[in-house]
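K.L.:
I would like the atomic coordinates for the input below:
(3 chains)
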Amino acid sequence: MTAAIIVGLLAAAGTFLILQRGLVRAVLGFVLLGHAATTLLMAAGGVSRRGVAIIGQEGVAAQPADPLPQAFALTAIVISFGVTAFLLALAARGIVVLRGGDIERPGGHEPEDDPA
Amino acid sequence: MSGLLTAPFWLPLLGAVVALLARRHYHVQQAISLLTLSASVAIGGVLVAETADGAVHATQIGGWPVGIAIPFVADRFAALLITTTALAALLAVVFAMLRGEDHHVQFHPLVGVLVTGVFASFLTADLFNLFVTFEVMLIASYVLLTLRAGRAQERAGAIYIMTNLLASTAFLLGLALLYGRVGTVNLGELHAAAADPGAAVAAGVIAIAIGVKASLVPLHGWLPRAYVCAGPAVTALFSGLLTKVGVYALFRLYSVVYAGEPRWSLLLLVVAGITMLVGVLGAVGKGDMRAILAFHMVSQVGYLVLPLGLWSLAGVTAGIVYLLQYIAVKGALFLAAGTVETVTGTGRLAELGGMLRTRPAVAIGFLLPALALAGVPPTSGFVGKFMLIRASFEGAHYVVGGVAVVVSFFTLMSMMKIWNGVFWGEPSAAVSAEAGTEGDPDRARLPRVVDGIPQPPPVVFTPPRVRALALPSLAVGVATILLGLGAQLLVTLAEPAAAGLLDPSAYLEAVRGR
Amino acid sequence: MMPDSLILRTGSRALAPLMLLVSLYLLLRGHDAVGGGFIGGLTAGAVVVLLYFSRGSKRIVGSRVLRFTPLVGTGLLIALLYGLAGLLLDGAFLAGGKVTLPGGLEVAASLVFDVGVYLVVVGLVVGIVRHMGYAAESQEVTLPEREDA
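P.N.:
Next up, the predicted model:
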């Protein structure tokens, strides 16, 4: 039940942010949506099962956790990490970074020497 | 066999890594790209031969037990797609090299990663692995799209990335729901899983996410915006590869998870019909070659998805024949548009005209694939469309068959509009001046120095090089005529693939067996 | 935007090696316990970010080891070669298993793969820091020159 509520809250907040002005807020929205998906993946494995999932260790006689959704969640986190980083870099490429910046204003910033 | 089945995954990836590390040696990068793509075509061909008579080959990654391991499975459908997409990628890369669009240190590595994702998507039989391979392909495409600097590129890139990010999150959510409901994401164990309503909803969410990728209506809005802003060779590469992976995934999902349930066919037919119409109508108001072609891509996806609604042997065979020749045709059309842009410096119909007089090879290289797209005999496009429409009428789906015919006429009219605007009549100022060949147009758009490595020397457009630009699309154009006349070859290749989709028992056995 | 902070600089002298050790610990224990290549790489990436914040982008940009392409390329190459070795030796791509090192220690063969992942993640963080840090700094008011930059 708590997992469902968390997923719902995260998804709602994420959707709200995506529809906001400004690329950085949209990126934050995507991050929250990604968290919602990850939480749902973990919930699909069964949040009540917490035992160690390795044969031959104590705690396995009780309910072993399902390792597959954990692997799914890790992969999803890695992928969204990479895409979020690229999206932010794209945002950084086209804007002038002012102190307390206004993200929307496009700039003429094109680095001659791109130390990628 | 295990090595061969996984080779379309690790070979292009290895090439990409070596190309990345050999970043100071431009020609090494080019050679690696050409080698790995040609090898992939060869491997695809071998797989096509190995999957005769419905044989299906599978391997479990890591040697892990069945049901837990990720299976890589090649049936006739996957093998045909690997071969065709590898060919299309090869043509696009050759064009990029001729044009100087690959003068970026990361171009060839990115193409390698893109191609890895595409091939792995065709081979995997695990839905989560499908998600991962989609992402591999998409991330490479994000970077390729935004490689050239410019405000329009960045906006198009942001729209493209955000739409696909949303679709990926939906994919994940659908996967989580499916796993929670059924307990597996392995296609071998998901046969007819959609009979259970919860699993049907979860698989539906996944199908919608894949539909964004395939650009079905109403999820198609990103495609016309994004595809006009990339470089011409990159657009040709995307057009031949990315949406087709989505179409493939929809076929596989419907074949295995939904087991071809007839209660969804009305929805699928409606979606196919609306996609055909919206795409072709969207092209009406456009005045730029690539914009028109991008809208036609949306329209053609309707034709590609039509067999899902028909789900008969005739229908699915027709669909596969149409899909295979369409991959080449669409790539050739974008390459022809790219040639026009490179030579004249513009793609706007208002500024062009009469190119038939100055560059007849380019004109023919556009005309033949355009006729194939519109479905005019004796091209292979006519064969595919005729078979599709006949299969719809045979299945008593008269409305969608009629829509397909009408949209064909509209497509023909659109192609004629481009022909009149670009190739027919007196040469316009832009066409006679051929301003595009005076400099290296892309040079200014790509960064001068990347990673401390300067750009390769600019491309010099000697007359042989300009003539060579027209060759890829011309070759495909000739191929569509030959395939149209010798259509029986395509049908013979496609029939086992269609049978394997309608009855996935051989596929499932292979996934579970080894 | 980057404060010339004595506390940060001195603290990083002690923290950075410690964080590096923790990242290696996470990498090595990843197979049977919490950890692995990705989280180890991220912790090492945190060291890079700490260096950036305490010493400025010149420390990162001028470094020979902390460069995006060599790290990512080498990491991917290691991972791929491990997969291919599995194909050649065991008949399945990415086949793993336990390997007994001389000295009696049992180690999972996939540690090689994890090292590749580690390098890729560190390379990724370095790339991000170099790209965005550069972008941020080039638009800023010029900072006072630091003698240890």
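
K.L.:
Surely residue C:72 is in contact with residue C:127?
P.N.:
Yes - taking Cβ atoms under 8 Å as the definition, residue C:72 is a contact partner of residue C:127 at 7.4 Å. C-beta here means a position set from N, CA and C on the backbone, and glycine is covered the same way.

K.L.:
what's the helix or strand harbouring residue B:84 packed up against?
P.N.:
Using DSSP states H and E, residue B:84 sits in helix B:76-99. The helices and strands touching helix B:76-99, judged by 3 or more Cβ pairs under 8 Å, 6 or more residues apart in numbering or on different chains; DSSP states H and E, are helix B:26-50, helix B:107-123, helix B:232-256, helix B:313-344, helix B:463-469, helix B:471-485, helix B:487-502.

K.L.:
what's the nearest residue to residue B:428 if we skip its chain neighbours?
P.N.:
residue B:353 (3.9 Å; Cβ to Cβ, 6 or more residues apart in numbering or on different chains).

K.L.:
For that neighbour, give its distance to residue B:432.
P.N.:
10 Å (Cβ to Cβ, to the nearest Å).

K.L.:
cool, and residue A:85?
P.N.:
On the measure of Cβ to Cβ, residue A:85 and residue B:432 end up 47 Å apart.

K.L.:
tell me the contacts of residue B:376?
P.N.:
B:382, B:412 (Cβ atoms under 8 Å, 6 or more residues apart in numbering or on different chains).

K.L.:
Am I right that residue B:481 is in contact with residue B:368?
P.N.:
Yes - the criterion here is Cβ under 8 Å, and residue B:481 meets it with residue B:368 at 6.4 Å.

K.L.:
Which one of the two is surrounded by more residues?
P.N.:
Neighbour count, other Cβ atoms under 10 Å in any protein chain shown: between residue B:481 and residue B:368, residue B:368 has more, with 27 against 16.

K.L.:
Residue numbers of the stretch 1-150 of chain B in contact with chain C?
P.N.:
Residues of the stretch 1-150 of chain B lying close to chain C (Cβ under 8 Å from any Cβ of the partner chain) are B:2-3, B:6, B:9-10, B:13-14, B:17-18, B:20-21, B:23, B:59-63.

K.L.:
quick one, helices of chain C?
P.N.:
In chain C, the helices defined using DSSP state H lie at C:6-28, C:37-55, C:57-61, C:68-90, C:111-138.

K.L.:
unless I'm mixing things up, residue B:91 is touching residue B:476, no?
P.N.:
Yes - between residue B:91 and residue B:476 there is a contact under Cβ under 8 Å: 7.1 Å.

K.L.:
Tell me what angle the helix holding residue B:84 forms with helix B:107-123.
P.N.:
For helix B:76-99 against helix B:107-123, the angle by axes from the mean of the first three to the mean of the last three Cα atoms, to 10 degrees is 170 degrees.

K.L.:
Would you enumerate the residues in contact with the residue sitting furthest away from the middle of chain C?
P.N.:
In chain C, counting by Cα atoms, centre = their mean, residue C:91 sits farthest out from the average C-alpha position, at 31.2 Å. Contact analysis of residue C:91 by Cβ under 8 Å, 6+ apart lists B:2, B:63.

K.L.:
Got the phi and psi for it?
P.N.:
phi 90, psi 0 (degrees, to the nearest 10).

K.L.:
pLDDT wise, what is it at?
P.N.:
Residue C:91 is assigned a predicted lDDT (pLDDT) of 77.

K.L.:
Okay, residue B:478 and residue B:494: tell me how far apart.
P.N.:
With Cβ to Cβ as the criterion, residue B:478 and residue B:494 are 21 Å apart.

K.L.:
do the same with residue B:391
P.N.:
Counting by Cβ to Cβ - residue B:391 and residue B:494 are separated by 12 Å.

K.L.:
hmm, back to that, by mean pLDDT, show me the worst of the helices and strands packed on helix B:76-99.
P.N.:
Minimum mean pLDDT among those: helix B:463-469, a mean of 83.

K.L.:
Tell me the buried residues in that one?
P.N.:
Across helix B:463-469, burial judged by 16 or more other Cβ atoms under 10 Å in any protein chain shown covers B:466, B:468, B:469.

K.L.:
Pull that helix out as PDB, backbone CA atoms only.
P.N.:
The C-alpha coordinates for helix B:463-469 follow below in PDB (Å, rounded to 0.1, in the frame of the first residue of the first chain):
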ATOM      1  CA  PRO B 463      33.000  16.500 -59.600                       C
ATOM      2  CA  PRO B 464      33.600  12.800 -59.100                       C
ATOM      3  CA  ARG B 465      32.600  13.200 -55.400                       C
ATOM      4  CA  VAL B 466      29.500  15.100 -56.300                       C
ATOM      5  CA  ARG B 467      28.500  12.400 -58.800                       C
ATOM      6  CA  ALA B 468      29.300   9.800 -56.100                       C
ATOM      7  CA  LEU B 469      26.800  11.400 -53.800                       C
END
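
K.L.:
mind checking how far it is from the chain centre?
P.N.:
Put simply, helix B:463-469 sits 26 Å off its chain's centre (Cα atoms, centre = their mean, to the nearest Å).

K.L.:
Got the confidence number for the closest residue in space to residue B:429 that isn't next to it in sequence?
P.N.:
Computed as Cβ to Cβ, 6+ apart, the closest residue to residue B:429 that is not its neighbour in sequence is residue B:351, at 7.7 Å. Residue B:351 is assigned 83 on the pLDDT scale.

K.L.:
what about residue B:351, neighbour count?
P.N.:
Residues near residue B:351, counting by other Cβ under 10 Å: 17.

K.L.:
wait, it sits on residue B:428?
P.N.:
Yes - counting by Cβ under 8 Å, residue B:351 does reach residue B:428; the two are 6.3 Å apart.

K.L.:
For the residue in chain C positioned nearest to chain B, grab the count of nearby residues.
P.N.:
When scored by Cβ to the nearest Cβ, chain C has residue C:92 as its residue closest to chain B, at 3.6 Å. Residue C:92 has 20 neighbours, counted by other Cβ under 10 Å.

K.L.:
So it versus residue B:47, what's the distance?
P.N.:
Applying Cβ to Cβ to residue C:92 and residue B:47 gives a distance of 18 Å.

K.L.:
Same question for residue B:298.
P.N.:
Where residue B:47 is concerned, residue B:298 sits at a distance of 30 Å (Cβ to Cβ).

K.L.:
Could you do residue B:91 as well?
P.N.:
20 Å.
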